[in-house]
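K.L.:
For reference, the sequence and a predicted model appear below.
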Amino acid sequence: MSGIGEQTTIGPRRSAVSVLSDMAGAPPADLTRLLGGGSGEPASLASVRRFATGPGTAALRFPRPPAVDLADLVPGVSSVPGVSSVPSGHDDDEDDDAEPELFCPGPLRDDPALGAEVDRRLVEWAEQVGIYPGRLDKLARYGFGRLIMLAHPGTDDPDRLLAATKCVVAEWATDDYFVDEVELGADPRVVGSRLAKLHAVVDPAPLTKRYVRQLDEFRTTEPLATAFRTAMEHLAQYTTASQMGRFQHQMSILFVAWNQEADWHSNGRTPPVWEYLVQRHLNSYLPPMILVDAVAGYHLSAEEFYHPRVRRAFTMAGDANVLLNDLHSAAFESETDFNLPRVIAREDGCSHEEAIRRTVRIHNELMHAFVAEAAVLCAVGSPALRRFFADTWAWLGGSREWHSTTGRYQRTDSSTSD
Ligand SMILES: CC(C)=CCC/C(C)=C(\C)COP(=O)(O)OP(=O)(O)O
């Protein structure tokens, strides 16, 4: 196992597929093992020092244990002496000759039968609400229930997993039918108005008497609206008000990102890399990841969840993991779709293979920064916060496994991901 920040140079350059499937250098799936100290002091303090070196965390220095309370951490600026709260700004071109390994764990739990049961119930629900019409076989092959089983090892209750799966599938279906897939009806010219109406379902709009009937009709006749409404009703059985509120907030952010993407399509514009990264930050894996505590059956307080340092760390994990999605799906997306390797190749004028390497490095920088920040925050936060970061890490590992096995990103004889 390579430690955080290590980059291994191995033989001839590998394809994206082999970089993604090579688990030899993967860190442990259990965050507490990764952060574990062993020198007699609290593990998290030892790990804070351990993770104070290496690419992505080079600016971290801990002259003494960070005897601080989470409440004392200044938003955006580290109050731990010598700790930068900003990623190191590692230059992509620095190690052009090094072959980067993907710094991401594997799954903490894989229970295929449980995943299959969630998928069975999911397809039943999808048929009832009317999403993926005529494509339920494909929906089953995508294995979104398996994704959620892999990503939430904290529970083996199929109903809890199903609630989260319905939400992620409502998101994916919106992405497919409203944003990405022209042959499924996506049209950038109407993305804004379609999403705005959907948003009025995700965060219910209380219209006045004269107009409420029309919104109600949309809520019950538009399959994506029905999907979100019923998914969130199910989710509400397992969330506190603040957990549901943060989910709705994250959905609003996702809707902003989808509008930005439609703007690029409408205007025939490929964004510069930094703008693409801003979009992928808004269009990250946070909507499903934000449920890790709710699905596992505990509650991270709003005070800790919304602390800017916690939000920043959690966000880096969600941003990194969606770049993993780009690495897997790039080969299955239409020529007009956007993904980080494609945007990098265009801006830097490099080969696709080099763009893959640069994408892996950006992914790794975010992951290293996440681990370094999680180590600090675990040392000063509550047990629930430590659990939340461990569950976030487990989510990343489950997601890695799903991406490399789902039918959505596997080429069969005659098909792509459609
Ligand atoms: C569907 C979902 C989990 C919403 C948040 C982020 C998101 C839209 C994705 C991860 C899907 O991204 P993308 O459109 O690149 O996915 P595909 O490659 O089309 O599966």
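P.N.:
Thanks, I have the structure now.
K.L.:
Surely Glu117 touches Pro158?
P.N.:
Yes: counting by CB atoms under 8 Å, Glu117 touches Pro158, with 5.0 Å between them. (C-beta placed from N, C-alpha, C; glycine too.)
K.L.:
Give me the more crowded residue out of the two.
P.N.:
Pro158 (21 against 17; other CB atoms under 10 Å).
K.L.:
Could you export stretch 393-405 as PDB, CA atoms only?
P.N.:
In PDB, the C-alpha atoms belonging to stretch 393-405 read as follows (Å, rounded to 0.1, in the frame of the first residue of the first chain):
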ATOM      1  CA  TRP A 393     -14.400   7.900   3.000                       C
ATOM      2  CA  ALA A 394     -16.400   4.600   2.800                       C
ATOM      3  CA  TRP A 395     -18.800   6.300   0.400                       C
ATOM      4  CA  LEU A 396     -15.800   7.100  -1.900                       C
ATOM      5  CA  GLY A 397     -14.600   3.500  -1.700                       C
ATOM      6  CA  GLY A 398     -18.000   2.100  -2.500                       C
ATOM      7  CA  SER A 399     -18.400   4.500  -5.400                       C
ATOM      8  CA  ARG A 400     -15.000   3.500  -6.800                       C
ATOM      9  CA  GLU A 401     -16.100  -0.100  -6.900                       C
ATOM     10  CA  TRP A 402     -19.500   0.700  -8.400                       C
ATOM     11  CA  HIS A 403     -17.900   2.800 -11.200                       C
ATOM     12  CA  SER A 404     -15.700   0.000 -12.200                       C
ATOM     13  CA  THR A 405     -18.400  -2.600 -12.300                       C
END
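K.L.:
and Leu20, what pLDDT?
P.N.:
For Leu20, the pLDDT comes out at 81.
K.L.:
hang on, I meant Gly25
P.N.:
In this model, Gly25 is scored at 82, pLDDT.
K.L.:
can you check Glu335 too?
P.N.:
In this model, Glu335 carries a pLDDT of 76.
K.L.:
give me the number of residues near it?
P.N.:
When neighbours are defined as other CB under 10 Å, Glu335 has 5 of them.
K.L.:
sec struct for it, please.
P.N.:
Following DSSP: H, G, I helix; E, B strand; the rest coil, the label given to Glu335 is coil.
K.L.:
Arg219 and Val201 touch, don't they?
P.N.:
Yes: applying CB under 8 Å, one finds Arg219 in contact with Val201, separated by 5.4 Å.
K.L.:
Could you tell me which residues touch both of the two?
P.N.:
Common contacts of Arg219 and Val201 (CB atoms under 8 Å, 6 or more residues apart in numbering): Ala225, Arg229.
K.L.:
the more surrounded of these two?
P.N.:
Val201 (21 against 18).
K.L.:
Show me which residues of the helix or strand containing the more buried one are buried.
P.N.:
Using DSSP states H and E, Val201 sits within helix 191-202. By neighbour count on 16 or more other CB atoms under 10 Å, the buried set for helix 191-202 is Val191, Arg194, Leu195, Lys197, Leu198, His199, Ala200, Val201, Val202.
K.L.:
Direction-wise, compare the strand or helix carrying Arg210 with helix 191-202 and give the angle.
P.N.:
Here Arg210, judged by DSSP H and E, is contained in helix 209-221. With axes from the mean of the first three to the mean of the last three CA atoms, to 10 degrees applied, the angle from helix 209-221 to helix 191-202 works out at 100 degrees.
K.L.:
List the contacts of helix 209-221.
P.N.:
So helix 209-221 is contacted by Lys197, Ala200, Val201, Ala205, Pro206, Leu207, Ala225, Thr226, Arg229 (CB under 8 Å, 6+ apart).
K.L.:
now those as a markdown table including pLDDT and distance to Asp180?
P.N.:
Formatted as a markdown table, the contacts of helix 209-221 follow (pLDDT from 0 to 100; distance: CB to CB, whole Å):
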| residue | pLDDT | distance to Asp180 |
| --- | --- | --- |
| Lys197 | 97 | 19 |
| Ala200 | 97 | 22 |
| Val201 | 97 | 20 |
| Ala205 | 97 | 26 |
| Pro206 | 96 | 31 |
| Leu207 | 96 | 30 |
| Ala225 | 98 | 19 |
| Thr226 | 98 | 20 |
| Arg229 | 98 | 22 |
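K.L.:
Pipe the residues you listed into JSON lines and attach distance to Lys166 per row.
P.N.:
Formatted as JSON lines, the contacts of helix 209-221 follow (distance: CB to CB, whole Å):
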{"residue": "Lys197", "distance to Lys166": "20"}
{"residue": "Ala200", "distance to Lys166": "19"}
{"residue": "Val201", "distance to Lys166": "14"}
{"residue": "Ala205", "distance to Lys166": "21"}
{"residue": "Pro206", "distance to Lys166": "24"}
{"residue": "Leu207", "distance to Lys166": "25"}
{"residue": "Ala225", "distance to Lys166": "13"}
{"residue": "Thr226", "distance to Lys166": "11"}
{"residue": "Arg229", "distance to Lys166": "10"}
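K.L.:
Identify the farthest-apart pair in those residues.
P.N.:
Spanning the widest gap among the contacts of helix 209-221 are Pro206 and Thr226, at 19.2 Å by CB to CB.
K.L.:
More neighbours: which of these two?
P.N.:
Thr226 (19 against 7).
K.L.:
Leaving out sequence neighbours, find the closest residue to the more buried one.
P.N.:
Of all residues not flanking Thr226 in the chain, Val129 sits nearest, at 4.4 Å (CB to CB, 6 or more residues apart in numbering).
K.L.:
what about stretch 285-305, start to end distance?
P.N.:
16 Å (CA to CA, to the nearest Å).
K.L.:
ok, and the closest non-adjacent residue to Ser301?
P.N.:
Ala384 (6.9 Å).
K.L.:
what's the answer for Thr336, then?
P.N.:
His265 (6.9 Å).
K.L.:
secondary structure element for that neighbour?
P.N.:
helix 241-266.
K.L.:
Quick one: mean pLDDT over that helix.
P.N.:
97.
K.L.:
And for stretch 277-296?
P.N.:
For stretch 277-296, the mean per-residue pLDDT is 98.
K.L.:
Pull out the buried positions in that stretch.
P.N.:
So for stretch 277-296, counting by 16+ other CB under 10 Å, buried means 277, 279-296.
K.L.:
Which of those residues fall within helices?
P.N.:
The members of the buried residues of stretch 277-296 that map onto helices under DSSP state H are 277, 279-282, 286-289, 292-296.
K.L.:
now, which of these lie close to the ligand?
P.N.:
With the criterion set as CB under 6 Å from any ligand atom, the members of those near the ligand are Pro287, Pro288.
K.L.:
No further questions, thank you.
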